[in-house]
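Peer 1: Need coordinates for the following:
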Amino acid sequence: MSGHQTGKECDKFDDLAESLKVHPSKSQILIEVRPEECTLEKALVILEDLNIHQVQYKVLTKGNPSCILLFLSNEDMRGAVFKLTEAGFTRVKGVNAQPKHRRKRN
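Peer 2: Modelled structure (predicted):
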């Protein structure tokens, strides 16, 4: 375990990651943000650089660190997770949207 994370911080992120439910139409990325290095604003700029605009997000926990849940399309998720981890976000969990079931045509 790294020196700047306490067991309590790990538990909070891990508990949230385990509790994520599949969204019917959007992929979700849970990230841990810290004001001194990996901020929400930095994450949003990274996503905008990938041409992922108007990302919806929800603040799940406030403090240092905070946990943010991002909502985006399935097509954007894999690249977004890769770029966020590449940029230094070490606590990242992605969940794909619920698969679309094909409707039978009459």
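
Peer 1: List the residues that contact Pro24.
Peer 2: Applying C-beta atoms under 8 Å, 6 or more residues apart in numbering, one finds that Pro24 lies in contact with 97-98. To be clear about C-beta, it is placed using only N, CA and C from the backbone, and glycine gets the same treatment.

Peer 1: right, and the secondary structure at the residue sitting nearest the centre point of the chain would be what?
Peer 2: In the chain, the residue lying closest to the centroid (C-alpha atoms, centre = their mean) is Ile29, at 2.2 Å. Assigned by DSSP: H, G, I helix; E, B strand; the rest coil, the conformation of Ile29 is strand.

Peer 1: Can you report phi and psi for the closest residue to Lys26 other than its chain neighbours?
Peer 2: Nearest residue to Lys26 in three dimensions, chain neighbours excluded: Phe71, at 4.4 Å (C-beta to C-beta, 6 or more residues apart in numbering). Phi and psi for Phe71, reported as degrees, to the nearest 10, are phi -120, psi 130.

Peer 1: what's near enough to touch the residue nearest to the centre of the chain?
Peer 2: Contacts of Ile29 by C-beta under 8 Å, 6+ apart are 69-70, 72, 77, 80-81, 84, 92-95.

Peer 1: make it 7 Å
Peer 2: 70, 77, 80-81, 92, 94 (C-beta atoms under 7 Å, 6 or more residues apart in numbering).

Peer 1: Out of these, the closest to Phe13 would be?
Peer 2: Val92 (9.7 Å; C-beta to C-beta).

Peer 1: how close does the closest one get to Lys21?
Peer 2: Going from Val92 to Lys21 by C-beta to C-beta, to the nearest Å gives 18 Å.

Peer 1: Please identify which of these two sits among more neighbours.
Peer 2: Val92 (19 against 8; other C-beta atoms under 10 Å).

Peer 1: residues of stretch 72-87 that come out buried?
Peer 2: 72, 76-77, 80-81, 83-84 (16 or more other C-beta atoms under 10 Å).

Peer 1: if we look at it, which residues are touching it?
Peer 2: Outside stretch 72-87, the residues that touch it by C-beta under 7 Å, 6+ apart are 26-27, 29, 31, 42-43, 46-47, 50, 52, 55, 92, 94, 96-97.
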